[in-house]
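> kindly generate the corresponding structure for this input.
(one chain, ligands or ions: 1)
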Amino acid sequence: MVFSDSMRCEYCARLIYKNVSGKYNLCSIKCKNYFRKNKLNNELEKIILDNISKGWNEINILFSKINFKDKFEFISAIGRMVYFDKTLKTKTKNELSMRSLISIVKK
Ligand SMILES: [Zn+2]
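Residues are numbered from 1 along each chain as shown. As a prediction, this is how the structure comes out:
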């Protein structure tokens, strides 16, 4: 399999350096386990969209607002929304962190 620069993990949406799955594009054993256990949490994505404020939101603040238990699952959902669904956008050119700013993409 050939890797392009833009290949991202199907779970956490980070760039893949080493794919650990044959069938999907997954960056780590951790993502593989989460992906198997949770698939893609569409309900969480809906909660994020319902709770995000107008303008730029720091992921940290949104996380405490929603009071979701799993930080990794949370930031992975945001990553997928930014890089795959494109329902959210970010200011950062680096990989997302809890400090990154995100905003809703207006349709
Ligand atoms: Zn991953």
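
> and for the one residue sitting closest to the centre of the chain, nearest residue in space, chain neighbours not counted?
Taking C-alpha atoms, centre = their mean, the centroid of the chain lies closest to Gly79, which sits 2.1 Å from it. Taking C-beta to C-beta, 6 or more residues apart in numbering as the measure, Gly79 lies nearest to Ala13, with 3.0 Å between them; neighbours along the chain are not counted. For the C-beta atoms, the positions are set from N, CA and C on the backbone; glycine is no exception.

> measure the one you found to Leu40 for me?
Counting by C-beta to C-beta, to the nearest Å, the separation of Ala13 from Leu40 is 11 Å.

> which of those two has more neighbours?
Taking other C-beta atoms under 10 Å, Ala13 and Leu40 do not tie; Ala13 has more neighbours (23 against 16).

> would you confirm that Ser21 contacts Ile29?
No. Checked against C-beta atoms under 8 Å, the pair Ser21 and Ile29 is beyond contact range at 9.5 Å.
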